[in-house]
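>>> just a sequence and a predicted model for now, questions to come.
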Amino acid sequence: MVHALTTQLPGRLLLVGLLLCGTVGCATGGKLAAQADEIEAMNASIESRAYRCAPRELATAQAHVDFGKYELRKGNFVRAGQHLEIAEANARAARTLSQFEECELHDRVIDTAVAEGVEVDVDPVDFMWDSDGDGIPDHLSQCPHEPIVFIGDPEQEATGCPNYDIDGDGVPNILDHCPSIPGNVDGFSGVNGCPMLDVDGDGVLNINDSCPMEPVEFIGYQDETGCPNPDVDGDGVPNILDECPFEPGPAANAGCPVEDDRERLAEVVGDRIQLNQRVFFETAEAVILPQSYPLLNQVAEILEENPDITIEIQGHTDSRGSWEYNKRLSENRAASVRQFLIERGISATRMTSEGYSFDQPIDDNSTEEGRANNRRVEIHITGR
């Protein structure tokens, strides 16, 4: 049984609240409501796959959408935003973890038979006798004088006994902002009964983070370990002082390479512009990571020095996931590289982009190293 605390506001304060809603709150509420709808739509689109391959992330995402919408209805926009942030992170994680073909649920054919009905004489029962008023008759309740706590717990409804800490995380339901989700679901202590899936807030989930209490440095460098790297390019100049944090260079040149000694990251070889490094993207996205900017800047320099060259930018993927999914991903990544070069001053008419999914592998997709090699961008010269 949920006890609601009702606060009565004087008329003047209510009028001020309405005026504030008209100028700030409602706009924020509308934006958060739209965000909640988008996350629910994402959950619905991946539910059949995520139910099998990412059930925890899917459940966490949907639970926090519900909590966020509840807080919205109460006008608690800050708490609503916090729930929706957790929901969106988990929905994206569920989408990534369930993008593989084996995650699809397939119908099963089950032989069933219907037994013939048997007539049984049952003495009439007075279902109106409910001592604790929790809706469960005394004869069905193991705790007929203790009302259950109605927050959707099937076990309570089955036993008729209250459970004051449904998720078992040590935070009573009445104080628990996430009463159905343990605050320590991933082994880390949560806040107000809700899990903190990324304690250090660096974008790497606790379960994948080798340094869960130390955030990575936000200079665009993505380290899958989740640990900080104070000198990304290893040139002895700390990132905070390095004007070229992704290119090694002497301290005398502010950590930037001397022009004559600069590493050749891209060069014209035959009928293509050969990339001597991979182009790095955010996981399952087409967003180029800043650590690839030096490489693509050199591609732009080559095109500037050779104004007659036209190119096709090709995107390729490994074989995980469906062909259609990888086709879109490879097209989007190739288009992102083309847009990067346009923003560096290269004419759009000199460049086309195309995605080839996993149709043109250059290595074995059964190994991690082979899949990494197959996830690539190639630049082919189409005219001079």
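In hand now; what should we look at?
>>> residues contacting residue 28?
residue 77 (C-beta atoms under 8 Å, 6 or more residues apart in numbering). Backbone N, C-alpha and C define where each C-beta goes, glycine included.
>>> the helices in this structure, which residues?
Using DSSP state H, the helices of the chain run over 11-20, 26-53, 55-74, 77-97, 154-159, 293-305, 323-343, 368-374.
>>> how about the ones you listed in CSV, adding mean pLDDT and distance to residue 179?
As requested, the helices of the chain are exported to CSV (pLDDT from 0 to 100; distance: least, C-beta to C-beta, whole Å):
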stretch, mean pLDDT, distance to residue 179
helix 11-20, 40, 28
helix 26-53, 82, 19
helix 55-74, 86, 9
helix 77-97, 87, 13
helix 154-159, 76, 12
helix 293-305, 93, 46
helix 323-343, 96, 36
helix 368-374, 92, 40
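>>> to residue 226, which of those lies closest?
helix 77-97 (14.1 Å; C-beta to C-beta).
>>> quick one: that closest one to helix 55-74, angle?
Here the directions of helix 77-97 and helix 55-74 differ by 160 degrees (axes from the mean of the first three to the mean of the last three C-alpha atoms, to 10 degrees).
>>> so what touches helix 77-97?
25, 28-29, 32, 35-36, 39, 42-43, 46, 50, 53-54, 57-58, 60-65, 67-69, 71-72, 177, 194-195, 197-198, 205, 283-284.
>>> mind giving me the PyMOL command for buried ones among those?
The PyMOL selection below is limited to those of the contacts of helix 77-97 classed as buried (16 or more other C-beta atoms under 10 Å):
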select buried, resi 28+29+32+35+36+39+42+43+46+50+53+54+57+58+60+61+62+63+64+65+67+68+69+71+72+177+194+195+197+198+205
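>>> JSON lines please, covering the helices of the chain and showing distance to residue 252.
Below are those laid out as JSON lines (distance: least, C-beta to C-beta, whole Å):
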{"stretch": "helix 11-20", "distance to residue 252": "57"}
{"stretch": "helix 26-53", "distance to residue 252": "49"}
{"stretch": "helix 55-74", "distance to residue 252": "48"}
{"stretch": "helix 77-97", "distance to residue 252": "43"}
{"stretch": "helix 154-159", "distance to residue 252": "69"}
{"stretch": "helix 293-305", "distance to residue 252": "19"}
{"stretch": "helix 323-343", "distance to residue 252": "30"}
{"stretch": "helix 368-374", "distance to residue 252": "36"}
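>>> what's the closest of the ones you listed to residue 312?
Here helix 323-343 is closest among these (C-beta to C-beta), at 8.6 Å.
>>> by contact count, what packs against that closest one?
helix 293-305, strand 310-316, strand 351-355, strand 376-383 (3 or more C-beta pairs under 8 Å, 6 or more residues apart in numbering; DSSP states H and E).
>>> could I get these as CSV with mean neighbour count and distance to residue 233?
Formatted as CSV, the helices and strands packed on helix 323-343 follow (neighbours: other C-beta atoms under 10 Å; distance: least, C-beta to C-beta, whole Å):
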stretch, mean neighbour count, distance to residue 233
helix 293-305, 17, 9
strand 310-316, 22, 26
strand 351-355, 19, 29
strand 376-383, 18, 21
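>>> and these as JSON lines, adding distance to residue 343?
Output for those, formatted as JSON lines (distance: least, C-beta to C-beta, whole Å):
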{"stretch": "helix 293-305", "distance to residue 343": "9"}
{"stretch": "strand 310-316", "distance to residue 343": "14"}
{"stretch": "strand 351-355", "distance to residue 343": "12"}
{"stretch": "strand 376-383", "distance to residue 343": "16"}
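>>> these: which one's closest to residue 331?
So among the helices and strands packed on helix 323-343, strand 351-355 is nearest, using C-beta to C-beta, at 3.1 Å.
>>> quick check: mean pLDDT of that closest one?
The average pLDDT within strand 351-355 is 97.
>>> what residues does it touch?
310-316, 327-335, 337-338, 341-342, 382.
>>> same check, this time on stretch 255-275
233, 235, 237, 241-245, 247-250, 276-277, 294-295, 298-299, 302, 306, 309, 311, 377-381.
>>> ends of it, how far apart?
The first residue of stretch 255-275 is 23 Å away from its last residue (C-alpha to C-alpha, to the nearest Å).
>>> again with stretch 154-173
Note: stretch 154-173 ends 15 Å apart using C-alpha to C-alpha.
>>> how about stretch 254-267?
End-to-end distance of stretch 254-267 (C-alpha to C-alpha): 26 Å.
>>> run the chain-centre distance for that stretch.
36 Å (C-alpha atoms, centre = their mean, to the nearest Å).
>>> tell me which residues in that stretch are buried?
When neighbours are counted by 16+ other C-beta under 10 Å, the buried residues of stretch 254-267 are found to be 255-257, 265-266.
>>> of all the residues you listed, which two lie farthest apart?
Using C-beta to C-beta, the pair of the buried residues of stretch 254-267 lying farthest apart is 255 and 266, separated by 21.2 Å.
>>> test my guess that residue 136 contacts residue 162.
No. Contact between residue 136 and residue 162 fails when scored by C-beta atoms under 8 Å: they sit 11.0 Å apart.
>>> what about residue 92, how many residues nearby?
The burial count assigned to residue 92 is 18, neighbours taken as other C-beta atoms under 10 Å.
>>> typo on my end, residue 320
Count around residue 320 with other C-beta under 10 Å applied: 16.
>>> quick one: it from residue 372, how far?
Remark: distance between residue 320 and residue 372 (C-beta to C-beta, to the nearest Å) = 12 Å.
>>> and if you look at residue 45?
From residue 45 over to residue 372 the distance is 28 Å, taken as C-beta to C-beta.
>>> now swap in residue 74 and tell me
As for residue 74, its distance to residue 372 is 48 Å (criterion: C-beta to C-beta).
>>> got it, and residue 201?
Relative to residue 372, residue 201 is positioned 28 Å away (C-beta to C-beta).
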